[in-house]
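1. Give me coordinates for this.
(chains A and B)
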Amino acid sequence: MPSDHDHKREEIAEEVAPLFEGGPIWRRPAAKIFVIWAIMTAIGVVIGVMLPVHIFPKMVSPQGKDALDTVVFFTVLAAPVAAFVYAIGLYSLLAWRKMSGKSDTPPPDGPPHRGSGLAEALWVGASVVLVIVLLIWGMGFLASETAPQNNVVQVNVTGQQWFWTYSYPGTGVTSNKLVLPVNREIQFNITSMDVTHGFWPVELGDQIDANPGFITHITVEPNQLGNFDVRCSQLCGLYHAYMYSHGQVVTSSQFATWLQDQGASVSSVTSYALGKN
Amino acid sequence: MTIAAPRLEDTKLGPKAGGLYRHQSFFVALPFGIFTAFIGWLVSHALLQNSNWGSDMVVTVTFVSWVIGFNAGIGTFNAPFRWLRGKDQTHDDHLYAAGVGQGWKRYWKYCTDHKVVGTQYLVLVMTLFFVGGTLAMMIRTQLITPHSQFLSPQTYNAIVTVHGMVMIIATIIMVSGPFANFILPIMLGAKDMAFPRLNAMSLWVVVSAVPPILSTFVLGGTDSGWTTYAPLSVQSPPAQDAFSITIITFVVSVTVAGINTIVTTFTMRTKGMSMSRLPIFVWGSIVAAAVGLYAMPAFLMAHSALITDRVVGTSFYAPAQGGAGWLYENVFWIMGHPEVYVILLPAVGAILEVASTFSRKPLFGYKVMIGGIIGVGVLSIMVWAHHMFTTGWAPSLADPFMLTTELISIPTGIIFLCIIGTIWRGSIWTKLPMYFLYLFLWNFIIGGVTGIYLSDVPADQYFHGNMFVTAHFHYTLLGGAMIGATGAVCYWFPKMTGRMLNERVGKWAFWFIAIGIQITYYGQFWEGFEGMPRRVANYAPLFETANQVSTTGAYILMTGWLILLYNIIHSWHKGEIASANPWHAKSLEWHTLTPVPLENFLVDPVVTSDPYGYGEPGSVPGAPAPEPAVVGASSNQGGSH
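-> Take a look at the predicted model:
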């Protein structure tokens, strides 16, 4: 019905028009809200882009980079939304605060507007779009995690209260330090001897629980030489805080040498490094 | 206004009214509970100490005896036993149970008046927050240096566990206890809750659940966090049995309270109070109660199976005998994720009432907001496995759970739309509750956005089990829900206590709390970015600066809460006397006397519109009522009774 339609349009016009009234353009409410929003968005984006990169540890694998990228991307995406809410909140205090809180009688009632179908539809529509973007981002990463190749380097990880043991199957090497070759796909097979632990090689950017009675798997491909820490991410009793060990990503030849230093035979190291066990 | 008819609470009761209730109170229940616990200990110690699971059995029997004994002592079982004996209670008995003629002593008794129960809940919640907050300060003090020896690792783990669980209990009941009991029935125009005795029961059962969890400190300490993941919790000291008894008892309380809230809303509304005129707080409360009815039984099952694993040797969680820790984790989170919305939704409802009242505008998008609340409730039961992305359980479900988790941000986002739409061009009246609305807005956005990071699997693979998670859920539960609840305290304080909360002291408390939260949890986000695991008693030196920032913030935050606590206690005793409707609000609770009479209204109110008609021409007193005039929810004549 046209009259209804006209009425709605009038209502929207009545709500929106005051935002664009009053003096030169920069003095109008809409412009002020926009400026607050733009400043807050800019601050959010700058923080998102600059800060995590500095605080995160130096990642030695692409997975670690993925986590960092996700933080940056989501912060940049969230900044304008949060800034929108904050801008209206702040502006309400600056412009629409009718009376000091000291008064015991309320200010006169505000305009009796009970909602706006347009605003609600826009809001929900925008959230749906954002969620789709987030989903594509997350699912894209999950889909890119390909099945392990057949020349993958296997490492068995065993957690127990309160230390980690790493064994390199076929070589007879068992160690409390996790040494990995660079640029090779590495599959961890993880289990626990007592309670649930969390196997978290921090700078590799991946983790999975070590469950008693089950073997869980993660695959990473370190692409940088360097040190990393392995921490326990699941509260596992008295000395949970002390359950960590050190790791190192080394070149292939250093890796082979290290295995031999640990007592592995040359032939077993060769076949192990080819991923043939 | 003079009232001719005698008030119900002035009724002279017969000398034997109340029967056994006359002799029962907290001060009887406490020694009686200790006595039955002692008997339980004696018997179980004599019979079972030498069996396989001796000390676990003894602890379990002792605390079950305590819970039963305390509740028998307070009067939980009186009425059912009278029915079993073929007697019902007389009218005088009912009035006695509702506290008639007992003055302040009724606050220590099994009192069926919903306003007494609400007040009891408020004191209980503040006590629990004090306990949980003290433990939190001990944790933050321990973490001030990397190799602190302030607490031993065993004590530290016990404190982390009890801090978590006490705070979860306190936050679950912080709004649904005080306000859904005191305020909600008055909002509906009801005389009381639908099941007044169950209402009193829900309070005293949760009171009886507190000593077992505090006793864990002397029973060897629990060491597995509030999540008590099996199999670690199966191997923990007997403290774990006491902990599980607390959970099971608490679930009984929440379930009873939830049913009561829902049934009250569906059956006790006054004339004209249709579902589409319900205050939004009522919607938040009933949806939270319904979600709780789905979630809480899973908590009970998780801990029942845990306690039988420990006490009689079942193997639900023992991998070598066909059980699995994943079973515990699943059942736990089937409770655990809906539970955060059980905490959040009533607080959101309360803060939306504040938004409308102090913007002097109708609630923006009332129906969309109801849809949002229901949407959050429904989706919340489908997201639990996002807590298990990195456990190794069902990796193929990562995509669907990421989907449901991110979907929930759509109905949650409507909360923000509703708040900013309500304050939009409103007449902002910056009283104390409004301060907490702005703080809620600020914190909950940060909590929500960081939650989206965690819903994303690649990011979660870094952040899981990391201080980032701790900071995130404190921003939502403390910064969001608890700040909303604090706003609710400031808002309804005049109605509940008859006195005004001091605004000046309240604003000091506000600024300490607001700044304290930011420093504490920015510090923890920083720790999380750096890669510090959760729940560690000591840490690598590289995390030191971030921890010191967080601890500094925690002390500021503590100062704020202590000022607020002082303010509440002081204003309760000596505050300015409040009028019936100091905020000139429109919902029904402001349109009855303060203090609220027994059965709430001297004449049944009739409602002609929803309570948000600010600035509307039709916003006039409701249907005419006989003397003394009680007006509809849409009244404009605030506070003149």
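
2. which residues sit in contact with residue B:92?
-> B:13, B:14, B:17, B:18 (CB atoms under 8 Å, 6 or more residues apart in numbering or on different chains). To be clear about C-beta, it is placed using only N, CA and C from the backbone, and glycine gets the same treatment.

3. Could you find the closest non-adjacent residue to it?
-> What sits nearest to residue B:92 in space, not counting adjacent residues and going by CB to CB, 6 or more residues apart in numbering or on different chains, is residue B:17, at 3.7 Å.

4. a helix runs through the one you found, doesn't it?
-> No. Secondary structure of residue B:17 (DSSP: H, G, I helix; E, B strand; the rest coil): coil, not part of a helix.

5. Wait, it touches residue B:96, no?
-> Yes. Between residue B:17 and residue B:96 there is a contact at 4.3 Å, judged by CB atoms under 8 Å.

6. Which of these two has more residues huddled nearby?
-> residue B:96 (26 against 21; other CB atoms under 10 Å in any protein chain shown).

7. for that one, what are its contacts?
-> Contacts of residue B:96 (CB under 8 Å, 6+ apart): B:13, B:17, B:18, B:21, B:22, B:102.

8. Turn the buried ones among those residues into a named ChimeraX selection, would you?
-> A single ChimeraX command is used to select the members of the contacts of residue B:96 judged buried by 16 or more other CB atoms under 10 Å in any protein chain shown:
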select /B:13,17,18,21,102
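
9. Chain A: which of the contacts of residue B:96 is nearest?
-> residue B:102 (34.3 Å; CB to the nearest CB).

10. Find me the pLDDT at the closest one, would you?
-> Predicted confidence (pLDDT) for residue B:102: 90.

11. Okay, the nearest residue to it once chain neighbours are set aside and chain A: tell me how far apart.
-> Spatial nearest neighbour of residue B:102, excluding adjacent residues (CB to CB, 6+ apart): residue B:109 at 6.8 Å. Per CB to the nearest CB, to the nearest Å, residue B:109 is found 36 Å from chain A.

12. was I right about residue B:109 contacting residue B:24?
-> Yes. With contacts counted by CB under 8 Å, residue B:109 reaches residue B:24, the gap being 6.7 Å.

13. Now do the shared contacts for those two.
-> With CB under 8 Å, 6+ apart, residue B:109 and residue B:24 have common neighbours B:74, B:75.

14. neighbour count winner among the two?
-> Taking neighbours as other CB under 10 Å, residue B:109 and residue B:24 compare with residue B:109 leading, 26 against 21.

15. Now for the nearest residue to residue B:314 once chain neighbours are set aside, which secondary structure element holds it?
-> Nearest residue to residue B:314, sequence neighbours excluded (CB to CB, 6+ apart): residue B:308, at 4.4 Å. Secondary structure assigned from DSSP states H and E places residue B:308 in helix B:280-311.

16. Ramachandran coordinates for residue A:212?
-> Torsion angles at residue A:212 (phi, psi; degrees, to the nearest 10) stand at phi -60, psi 140.

17. tell me the secondary structure for residue A:227?
-> Once three-state DSSP is applied, residue A:227 turns out strand.

18. just residue B:151 next, same as before
-> coil.

19. State the pLDDT value of it.
-> 95.

20. where does it sit relative to residue A:236, distance-wise?
-> 18 Å (CB to CB, to the nearest Å).

21. Which one's more surrounded, the two?
-> Legend: neighbour count by other CB under 10 Å for residue B:151 and residue A:236, higher for residue A:236 (25 against 18).

22. Tell me how far that one lies from residue B:63.
-> Going from residue A:236 to residue B:63 by CB to CB gives 26 Å.

23. Likewise for residue B:108?
-> Residue B:108 is 23 Å from residue B:63, by CB to CB.

24. Looking only at neighbour counts, state which of these two leads.
-> Between residue B:108 and residue B:63, counted using other CB under 10 Å, the more crowded position is residue B:63 (28 against 17).

25. residue boundaries of the helices in the stretch 151-277 of chain A?
-> For the stretch 151-277 of chain A, the helices defined by DSSP state H, counting those that start in this stretch cover A:252-261, A:266-273.

26. weakest of those by average pLDDT?
-> helix A:266-273 (a mean of 86).

27. What are the contacting residues of that one?
-> Residues from elsewhere that reach helix A:266-273 (CB under 8 Å, 6+ apart): A:153, A:168-172, A:181, A:252, A:255-256, A:259-260, A:264, A:277.

28. pretty sure residue A:248 contacts residue A:175?
-> No. Applying CB under 8 Å as the test, residue A:248 and residue A:175 come out as separate, 10.9 Å apart.

29. Kindly provide the distance from residue A:199 to residue A:210.
-> Distance from residue A:199 to residue A:210, by CB to CB: 5 Å.

30. My error: substitute residue A:109 in the last question.
-> 61 Å.

31. higher neighbour count, those two?
-> Per other CB under 10 Å, whichever of residue A:109 and residue A:210 has more neighbours is residue A:210, with 30 against 19.

32. what's the domain layout of the chain?
-> The chain I'm using is chain A. Chain A breaks down by automatic domain parsing into domains covering A:2-98+A:117-144, A:153-273.

33. Actually, chain B is the one I wanted.
-> Per automatic domain parsing, the structural domains of chain B span B:20-85, B:111-574.

34. got any ranges where the chain has weak pLDDT?
-> I went with chain A, as the question did not name one. For chain A, residues meeting the criterion pLDDT under 70 lie at A:1-5, A:8, A:99-101, A:146-148, A:275-277.

35. wait, chain B
-> For chain B, applying pLDDT under 70 flags the ranges B:1-5, B:52, B:618-641.

36. Please name the nearest non-neighbouring residue to the closest residue to chain A within it.
-> Across chain B, no residue is closer to chain A than residue B:319, which sits at 2.5 Å (CB to the nearest CB). Leaving aside its chain neighbours, residue B:319 sits nearest to residue A:213 (2.5 Å; criterion: CB to CB, 6+ apart).

37. tell me what the helix or strand containing residue B:571 is packed against?
-> For residue B:571, the host element (DSSP H and E) is helix B:544-574. For helix B:544-574, the elements it packs on are helix B:114-142, helix B:483-497, helix B:503-530, judged by 3 or more CB pairs under 8 Å, 6 or more residues apart in numbering or on different chains; DSSP states H and E.

38. For it, buried residues please.
-> Going by 16+ other CB under 10 Å, helix B:544-574 has these buried residues: B:544, B:546-547, B:549-561, B:563-564, B:567-568, B:571-572.

39. before we move on, the earlier item: okay, the helices of the stretch 151-277 of chain A in CSV with distance to residue B:8 and mean neighbour count next?
-> Converted to CSV, these look like this (distance: least, CB to CB, whole Å; neighbours: other CB atoms under 10 Å in any protein chain shown):
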stretch, distance to residue B:8, mean neighbour count
helix A:252-261, 85, 16
helix A:266-273, 85, 16
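
40. Let me have the ones you listed in JSON lines, extended by distance to residue B:446.
-> What follows is the helices of the stretch 151-277 of chain A, written out as JSON lines (distance: least, CB to CB, whole Å):
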{"stretch": "helix A:252-261", "distance to residue B:446": "43"}
{"stretch": "helix A:266-273", "distance to residue B:446": "47"}
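
41. what ranges do the strands span in chain B?
-> B:428-429 (DSSP state E).

42. Can you tell me which residue is spatially central in it?
-> residue B:173 (1.9 Å; CA atoms, centre = their mean).

43. thought that one was touching residue B:206?
-> Yes. In this structure residue B:173 lies within contact range of residue B:206 using CB under 8 Å: 6.5 Å.

44. list residues touching both of those two?
-> Common neighbours of residue B:173 and residue B:206, counting by CB under 8 Å, 6+ apart, are B:124, B:254.

45. how close does whichever residue of the stretch 101-250 of chain A sits closest to chain B get to residue B:338?
-> In the stretch 101-250 of chain A, the residue that lies nearest chain B is residue A:213 (2.5 Å; CB to the nearest CB). Look at residue A:213 and residue B:338: by CB to CB, they are 28 Å apart.
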